[in-house]
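Peer 1: Sequence and predicted model, in that order:
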Amino acid sequence: MTSKVFKDAKAALFDMKDGASVMSGGFGLCGIPENSILEIRRLGLKNLHAISNNIGNSGRGLAWLLKEKQISQATCSYVGGNPDLEEQMLANEVEVTLVPQGTFSERIRAAGMGIRGFYTPAGSGTEVAEGKESRTFDMPCLLELPLTADFAIIKAQKGDAYGNLWFQETARNFSPLMAMAAKVTIVEVEELVELGEILPENVHLPGVFVQRIYQGADYENTIEIPVFEDQN
Amino acid sequence: MTSKVFKDAKAALFDMKDGASVMSGGFGLCGIPENSILEIRRLGLKNLHAISNNIGNSGRGLAWLLKEKQISQATCSYVGGNPDLEEQMLANEVEVTLVPQGTFSERIRAAGMGIRGFYTPAGSGTEVAEGKESRTFDMPCLLELPLTADFAIIKAQKGDAYGNLWFQETARNFSPLMAMAAKVTIVEVEELVELGEILPENVHLPGVFVQRIYQGADYENTIEIPVFEDQN
Amino acid sequence: MSVSKNHWSKNEMVDQVIEMLSDGSSLNLGIGIPTLIAQRIPPEKGIWIHSENGVLGVAGRPTPQSVSATLINAGKETISVKKGASYFDSSMSFGMIRGGHIDVCVLGGMQVDAEGSLANWMIPGKKVTGMGGAMDLVHGAKLVIVMLTHFSKRGEVKLLHRCTLPLTGKGVVHKIVTDLGVFTPTGESFQIEKLAPGVTEEQLGIPDGLLSLAK
Amino acid sequence: MSVSKNHWSKNEMVDQVIEMLSDGSSLNLGIGIPTLIAQRIPPEKGIWIHSENGVLGVAGRPTPQSVSATLINAGKETISVKKGASYFDSSMSFGMIRGGHIDVCVLGGMQVDAEGSLANWMIPGKKVTGMGGAMDLVHGAKLVIVMLTHFSKRGEVKLLHRCTLPLTGKGVVHKIVTDLGVFTPTGESFQIEKLAPGVTEEQLGIPDGLLSLAK
């Protein structure tokens, strides 16, 4: 039986190619798959379609790839706080598709859960509605379709050899949804634990959604905007 | 501030009336809200619309209400193993709507999550498709609509005063989804724990979905079909 | 192997299914005969068994000491789980199937036809069990296998040109395992993959035009 | 209270919002001014603060000792949580809003109009921040409050007959809190609920026909 456990990012990303669509977990810099992103930079992959809430932030995360002009297409909900993306978007170097955040996560979930389309009020009556089917239930709604990708790169605080994952605090965000949605899901963990160490009730993402997992290293875990009690 | 904590089933079900639609958690007899069901029997409510995967099983659970002819309408996925329901269905005493189980749970989730409709392949090309909008994506799909109710009665192994819940093993099934979907969600727990005792990461259902919670008593926790290793 | 018996036992049927499973694959088991599979899969195959009531990693059966009222399979039978198991709600459970994450799904059946359609949830005017999860389970898995006895108790063959009972799914079945053989519905016919020892084509009770041989 | 200043401070705006909150209610706070609310809510009100990145039960700020890189709000600022908090994925988080489980939602804005429409995500040709969660947040909460300064830096009033910037949501706002007052968009006009001390109707910069008085 082939193991899902890989030595490191280099081993796990062996077949990622130019032009791939890649979902990347994280909200801002919280919960981002640092090792996999840096490996993509090392590989020098080009023409990537990045699908992530922020496409990096504050010059880090996926912004590492923006700096190297590795991303040509981006699907995200928010570009504020990401000068690299704003700049390349205005210079038409990156084609940006903005998706309302709740629609973004639900479209990714839909892809993972085999839902072929759903109706949501978000974006109704706005520019986001252009070109979309509209339909009124209790209020006007838009038909939204699943969002998938060739790869998902995500990070969890704990994971086991089958790929069962556990996320700390708000690091969960889009990661389990992306793991469900992508064709190949590559997980890096802070801690690779024994099977059974995550209580079956407390598994946030069952391992069946994970194709590859590795123990990450050298995490920066950057805090973007530290605000403390004392400052109030 | 009004507390969500009630003394018992009697206190928590004070405003349930004849004709109410009631979602009830549980798969077969696993994870059923025994105390709330027995209180409905004691109250002698009539003409109820029960929404539950099995509407009881083996003469127990919601079948307690079937025996008293309290249920006039049932929405469920499976009637096998429930002679009370089969009998009253064939005698036209209970109007039964059968829903494919995955569609059943997803419709309940949709109600809870504000999704106004979704497309699923389940039931396509079958009797279930009759009267429903069909649409072909990668395969023919049906448009399914949210399923809600006046009340959800569910059971969790642990819960706190805000209504944060934790379910044991396969007792989770439809319960957290129903808690999201109903107008009033009434939870009974085996153990009412302190706020914070359920680790925030391990909360299966955030308390915001719960309106009332009480410590249950005298659980039967009936095993329907005990099968043991030795018997093989 | 006894030639006189001319059909597979339930366990032999189960073994036909197990042969089709790749190591490490994920597997949903329907109510009825399919649940027997869980107990016969060699642990070294590393199969992850899913039960749609909300568990992945079903192992076998509990002991009277370890049995738990909250740990059951979709047939409401008590089970045990292996290390690495997980529990989840019904929406996630069916999403696993619908989203194509479960490799193989094995269901029981009343009728199955050459088009790959399955009927297993009601006999009009006689018996209604409800579809349970079956209508969801037939869409999504890479390999949908139906296990059923070849003939009904009344002696009617269950492999038909077109199902006469209300369908569970249309054109969804990839393989059929009966006590007489293994078949692939091709749309036009049932392709014979394998027959139980001593079984002849005539015994199958399927009209000649509906049978074809594996290439 | 200084009459000469003729407008509310940010904290005074925050207090206007806090007055509208029922004890024990749930509250989503948008990026910007609204995040200040978390720090000023009296704990005894028992408010449950939701941040759409996946947390319910935001308390205030961490200490340098307790700070965690994985515990932030939707503004990417570090936070602390109270007992009874929970974490969840983004799909669940927006489902809470969309499904109507969060009582109150407070957002920032660039423009808001008499119809209750809000614009807060882009200025064509100038600035695009993206809508983030705002387009989802405006649908679902029982009370949607927009907090914004009454005038832009260029002195243009932000309360208009109709928004000129691309909309975030159409007819979705229930209350508006500016540094000059509290308003209800009625469809035809802005109904004045309250004005900051010393502020006159003339100072609002809203055409007479667009103003109405609370009944």
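Peer 2: Thanks, I have it. Please read these numbers as outputs of a predicted model, since none were measured by experiment. Numbering: from 1, shown residues only, chains lettered A, B, ... in the order given.

Peer 1: The helix or strand hosting A:I108 - contacts with which helices or strands?
Peer 2: Assigned by DSSP states H and E, A:I108 belongs to helix A:101-113. Helices and strands touching helix A:101-113, by 3 or more Cβ pairs under 8 Å, 6 or more residues apart in numbering or on different chains; DSSP states H and E, are strand A:117-120, strand A:140-144, helix A:175-181, helix C:90-98, helix D:90-98, helix D:134-137. All C-beta spots, glycine's among them, are computed from the backbone N, C-alpha and C.

Peer 1: mean confidence for the fifth one?
Peer 2: Within the predicted structure, the mean pLDDT of helix D:90-98 is 98.

Peer 1: does it come close to chain C?
Peer 2: No: Helix D:90-98 lies out of reach of chain C by Cβ under 8 Å from any Cβ of the partner chain, never closer than 10.6 Å.

Peer 1: which stretches of chain C form helices?
Peer 2: C:10-19, C:36-40, C:90-98, C:134-137 (DSSP state H).

Peer 1: what's the nearest residue to C:A85 once chain neighbours are set aside in contact with, if anything?
Peer 2: Spatially, and ignoring its direct neighbours in sequence, C:A85 is nearest to C:G57 (2.8 Å; Cβ to Cβ, 6 or more residues apart in numbering or on different chains). Contacts for C:G57 (Cβ atoms under 8 Å, 6 or more residues apart in numbering or on different chains) come out as A:P200, C:W48, C:I49, C:V81, C:K82, C:K83, C:G84, C:A85, C:S86.

Peer 1: hmm, which helix or strand of chain C has the shakiest average pLDDT?
Peer 2: strand C:127-128 (a mean of 82; mean pLDDT, DSSP states H and E).

Peer 1: quick check, distance from that strand to the centre of its chain.
Peer 2: Here strand C:127-128 is found 20 Å from its chain centre; the criterion is Cα atoms, centre = their mean, to the nearest Å.

Peer 1: re earlier: now mean neighbour count and distance to chain B too, for the helices and strands packed on helix A:101-113, in CSV please.
Peer 2: Shown next, in CSV, are the helices and strands packed on helix A:101-113 (neighbours: other Cβ atoms under 10 Å in any protein chain shown; distance: least, Cβ to the nearest Cβ, whole Å):
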stretch, mean neighbour count, distance to chain B
strand A:117-120, 24, 4
strand A:140-144, 21, 5
helix A:175-181, 30, 12
helix C:90-98, 27, 3
helix D:90-98, 27, 3
helix D:134-137, 31, 9
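
Peer 1: roughly how far apart are the closest residue to C:L167 other than its chain neighbours and chain D?
Peer 2: For C:L167, ignoring the flanking residues on the chain, the nearest one in space by Cβ to Cβ, 6+ apart is B:T126 at 4.5 Å. Distance of B:T126 to chain D, given as Cβ to the nearest Cβ, to the nearest Å: 29 Å.

Peer 1: where does chain C dip in pLDDT?
Peer 2: Residues of chain C meeting the criterion pLDDT under 70: C:1-5.

Peer 1: My guess is A:L45 contacts A:D15. True?
Peer 2: No: taking Cβ atoms under 8 Å as the definition, A:L45 is not a contact partner of A:D15, at 11.2 Å.

Peer 1: So between those two, which is more surrounded?
Peer 2: A:L45 (20 against 9; other Cβ atoms under 10 Å in any protein chain shown).

Peer 1: what's the pLDDT at the more buried one?
Peer 2: According to the prediction, A:L45 has pLDDT 98.

Peer 1: same for the lowest-mean-pLDDT helix or strand in chain A, what does it pack against?
Peer 2: For chain A, using mean pLDDT, DSSP H and E, the weakest element among its helices and strands is helix A:83-90, scoring a mean of 93. Contact here means 3+ Cβ pairs under 8 Å, 6+ apart; on that basis helix A:83-90 packs against helix A:63-67, strand A:71-76.

Peer 1: Tell me the helices and strands packed up against the host helix or strand of A:A156.
Peer 2: According to DSSP H and E, A:A156 maps onto strand A:149-159. Secondary-structure packing of strand A:149-159 (3+ Cβ pairs under 8 Å, 6+ apart): strand A:21-24, helix A:34-43, strand A:165-166, helix A:175-181, strand A:182-192.

Peer 1: With distance to B:E169 added, can I get those in a markdown table?
Peer 2: Below are the helices and strands packed on strand A:149-159 laid out as a markdown table (distance: least, Cβ to Cβ, whole Å):
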| stretch | distance to B:E169 |
| --- | --- |
| strand A:21-24 | 31 |
| helix A:34-43 | 34 |
| strand A:165-166 | 18 |
| helix A:175-181 | 20 |
| strand A:182-192 | 25 |
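
Peer 1: Dump these to CSV, plus distance to chain C.
Peer 2: Output for the helices and strands packed on strand A:149-159, formatted as CSV (distance: least, Cβ to the nearest Cβ, whole Å):
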stretch, distance to chain C
strand A:21-24, 15
helix A:34-43, 21
strand A:165-166, 10
helix A:175-181, 6
strand A:182-192, 10
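
Peer 1: Kindly compare burial across the ones you listed and name the winner.
Peer 2: helix A:175-181 (a mean of 30; mean count of other Cβ atoms under 10 Å in any protein chain shown).

Peer 1: hmm, that helix touching chain D?
Peer 2: Yes: Helix A:175-181 lies within reach of chain D by Cβ under 8 Å from any Cβ, at A:S175, A:P176, A:L177.

Peer 1: Please tell me how far the closest residue to the first one other than its chain neighbours sits from chain C.
Peer 2: Counting by Cβ to Cβ, 6+ apart, A:G25 is the residue found nearest to A:S175 once chain neighbours are left out, at 3.3 Å. Computed with Cβ to the nearest Cβ, the distance linking A:G25 and chain C is 18 Å.

Peer 1: neighbours of A:G25, just the number please.
Peer 2: A:G25: 30 surrounding residues under other Cβ under 10 Å.

Peer 1: residues contacting it?
Peer 2: A:G25 sits next to A:31-33, A:52, A:152-155, A:173-175, A:178-179 when contact means Cβ under 8 Å, 6+ apart.

Peer 1: Could you dump the residues you listed into TSV with pLDDT added?
Peer 2: TSV is the format used below for the contacts of A:G25 (pLDDT from 0 to 100):
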residue	pLDDT
A:G31	98
A:I32	98
A:P33	98
A:S52	98
A:A152	98
A:I153	98
A:I154	98
A:K155	98
A:N173	98
A:F174	98
A:S175	98
A:M178	98
A:A179	98
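
Peer 1: Just the buried residues of the residues you listed.
Peer 2: A:31-33, A:52, A:152-155, A:173-175, A:178-179 (16 or more other Cβ atoms under 10 Å in any protein chain shown).

Peer 1: Give me every residue in chain A lying close to chain B.
Peer 2: A:106, A:110, A:113-121, A:135, A:137-138, A:141, A:166-169, A:172, A:200-202, A:204.

Peer 1: Brilliant, that's me finished.
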